[in-house]
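**Student:** sequence unavailable; structure follows:
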């Protein structure tokens, strides 16, 4: 019944065919591109908010270091070169997990045991 309605609707006006096509394209873009990106941003933000002192991290530019101080928006890293102050949003979750994944998995298991 619904299929017949839509087929009749598409045959009545050629402009409705174009409108339905653009609506379908928007729906596809939303579910395959926009929504996953929003979820990824939420996960990245959660990761950056839950950083703690003593963790080894990797920045987006590839800088490796250990967190020695944290404020609301900044972190102080201890690297081979010395202490460096960086913004939290430059810390990469994906690069950190690739390089120091074992530490993050152990902490995740410990957090699950506490709950």
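**Tutor:** Noted; the coordinates are in hand. Just so it is clear, the structure is predicted and the values come from calculations on it, not from any experiment.
**Student:** every contact and neighbour count from this point should use C-alpha atoms.
**Tutor:** Fine.
**Student:** per-residue confidence at the most centrally placed residue in the chain?
**Tutor:** By Cα atoms, centre = their mean, the chain has its centre lying nearest to residue 40, at 2.3 Å. Looking at residue 40, its pLDDT reads 91.
**Student:** all the strands of this protein, residue numbers only.
**Tutor:** For the chain, applying DSSP state E gives strands covering 56-58, 64-70, 74-78, 83-87.
**Student:** show me what the longest one is packed up against.
**Tutor:** Here strand 64-70 is seen to pack against strand 56-58, strand 74-78 when contacts are counted using 3 or more Cα pairs under 8 Å, 6 or more residues apart in numbering; DSSP states H and E.
**Student:** so how far is residue 20 from residue 64?
**Tutor:** Using Cα to Cα, to the nearest Å, residue 64 is found at 50 Å from residue 20.
**Student:** neighbour-wise, which of these two wins?
**Tutor:** Ranked by neighbour count (other Cα atoms under 10 Å), residue 64 and residue 20 place residue 64 first, with 19 against 13.
**Student:** what residues are up against the more buried one?
**Tutor:** Taking Cα atoms under 8 Å, 6 or more residues apart in numbering, we find residue 64 in contact with 56-58, 79.
**Student:** pick the one among these closest to residue 91.
**Tutor:** Nearest to residue 91, judged by Cα to Cα, of the contacts of residue 64 is residue 58 at 6.1 Å.
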